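Visitor: 3D, please:
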Amino acid sequence: MLMWISWATSWITSFKVYAEPASLRMLSLGFAAGLPLLLVFGTLSFWLREAGIDRSTIGYLSWVGLAYGFKWVWSPLVDRLPIPILTRLLGRRRSWLILAQGCIMIALIGMAMTDPRQSLTPVVWCALAVAFASATQDIALDAFRIESADADHQTALSAVYQMGYRLAMIWSGAGTLWLAAWADWQTAYLLMAVSMLPGVLTVLFSHEPIPRPIPPAKNIADWLQSALVEPFADFIRRFQWQAVLLLALIATYRISDVVMGVMANPFYVDMGFTKEEIAAVTKIYGVIMTLVGAFLAGTLVLRIGVMRLLMLGAVMSAATNLLYVWLAGVGHNVTALIFVISADNLASGIASSAFIGYLSNLANVNYSATQYALFSSMMLLLPKFIAGYSGEFVDAFGYGPFFTSTALLGVPVLFLVWFASKTKNRAN
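Guide: So this is what the prediction gives:
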């Protein structure tokens, strides 16, 4: 009995971290970070497919998301460049967050004023602006998160951040579909722009992390050395030859989910599922399983360690893609859709939370924005590039072989996680 009480008490103590103010702030900021992604990715693909755009074009348009893959290019600016007036009023991290969030809202309003049936070009330009501003927000937010807590709290904050992120994806996915079915796509995207306001208010009422002193640059060459070269050199110095292994893991860990994600909504459309059906299943079962996955990740990591959790997430991410092969054979069946989306969200919640925590601990706090931007950029660059050809693949071979192929893409990841588990993180 005493052993059971001790066990229950330890679990309750583990969950208390989620009630801390820093965790609540990260929940709101995670929501702001997750909201734009599907609006230029999965939800947009549904809108375009319903508007009669062919699958190949939709696949190529997913390359808009490559902005996330190249954000490391301008991350040194976000890390070190002050914004006139805003930085003096809000601080380095919050000023960049406010600027990025404002640009996201403006670009989403721009998307709301377009119609792909009349012209696709304005949609693409507005979507590119959303992706660029969203990637900039990610750079500043990741640095804000890493600098706001010590290493012991990073995984818990990552879990809460991921929870907010996934809730936003459900709102920007299922919520947008519901709104589009109730009104139209333009109204839906306009309301998505308004949904960025809680994140804006959270930034305004948050405290700026204690700024780390930046030695003044003597000249342009000195600034380029400290801002561009040193963050990457620091990573190589800490991990030496093992840096290649870690970068390979980062570049491929989410490849199964990202490549599959481009064709998920076109698949639902082609299988005959309505917007209301997809929205209802995602909203109810997707929310529940995402929360379960995020909470499990935040607590399991304290018990089994981050590398075992990474392995579990990698296995589940690849395996759940095979469920879509089964769904393709079943056809239009809402019960089957519930099962597949529930399993997929559970796997994604676990894998994403574990991976974010892992990446956060790899980053040196002296170069948090630049290094984490490099990691998260690499996480998306290769998968999104491959995803651009997903429409061509489906046209040539069908959905079943496509989903099977995305599952097989996750097999090498298992070996990379195993090898990375032998690598110890060098202290920042």
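Visitor: what number of residues lie near the nearest residue to residue 418 once chain neighbours are set aside?
Guide: Nearest-residue entry for residue 418: residue 311, 7.2 Å, with adjacent residues in sequence omitted and distances by CB to CB, 6 or more residues apart in numbering. Every C-beta, even on glycine, is put in place using the N, C-alpha and C of the backbone. Residues near residue 311, counting by other CB atoms under 10 Å, number 20.
Visitor: try the one 10 residues further on
Guide: Using other CB under 10 Å, the number of residues around residue 321 comes to 26.
Visitor: and what of residue 89?
Guide: Residues lying near residue 89 (other CB under 10 Å) number 10.
Visitor: and it, what does it touch?
Guide: By CB atoms under 8 Å, 6 or more residues apart in numbering, the contact set of residue 89 is residue 95.
Visitor: Please look at residue 248 and residue 417 and confirm they touch.
Guide: No. If you go by CB atoms under 8 Å, residue 248 and residue 417 don't touch, sitting 10.7 Å apart.
Visitor: Compare the two (neighbour count), which wins?
Guide: It is residue 417, of residue 248 and residue 417, that has more neighbours when counted by other CB under 10 Å, with 22 against 18.
Visitor: what helices or strands is the helix or strand encompassing that one leaning on?
Guide: If you go by DSSP states H and E, residue 417 is part of helix 411-420. In terms of contacts (3 or more CB pairs under 8 Å, 6 or more residues apart in numbering; DSSP states H and E), helix 411-420 is packed against helix 242-252, helix 306-330.
Visitor: Just the CA atoms of stretch 263-270, as CSV, please.
Guide: Only the C-alpha atoms of stretch 263-270 are listed here, as CSV (Å, rounded to 0.1, in the frame of the first residue of the first chain):
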residue,chain,number,x,y,z
MET,A,263,-1.5,13.9,-49.4
ALA,A,264,-3.5,13.2,-46.3
ASN,A,265,-6.3,15.7,-47.0
PRO,A,266,-6.4,15.1,-50.7
PHE,A,267,-6.7,11.4,-49.8
TYR,A,268,-9.7,12.2,-47.6
VAL,A,269,-11.4,14.2,-50.3
ASP,A,270,-10.8,11.4,-52.9
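Visitor: buried residues in stretch 196-209?
Guide: 196, 198, 199, 200, 202, 203, 206, 208, 209 (16 or more other CB atoms under 10 Å).
Visitor: circling back to that earlier point, for the residue nearest to residue 418, give me its contacts.
Guide: By CB under 8 Å, 6+ apart, the contact list for residue 311 reads 414, 417, 418, 421.
Visitor: now those: which count as buried?
Guide: Using 16+ other CB under 10 Å as the burial test, those include residue 417 as buried.
Visitor: Which of the contacts of residue 311 sits closest to residue 142?
Guide: Using CB to CB, residue 417 comes nearest to residue 142 of the contacts of residue 311, at 21.6 Å.
Visitor: So for the closest one, what's the pLDDT?
Guide: Residue 417 is assigned 89 on the pLDDT scale.
Visitor: again, but for residue 377
Guide: Per-residue confidence (pLDDT) for residue 377: 75.
Visitor: go on, residue 323?
Guide: The model reports residue 323 with a pLDDT of 94.
Visitor: now do residue 27
Guide: 86.
Visitor: So for it, what's the nearest residue that isn't a sequence neighbour?
Guide: Take residue 27 and drop its neighbours on the chain: the residue closest to it by CB to CB, 6+ apart is residue 164, 4.3 Å away.
Visitor: Distance of the one you found relative to residue 233?
Guide: Counting by CB to CB, to the nearest Å, the separation of residue 164 from residue 233 is 33 Å.
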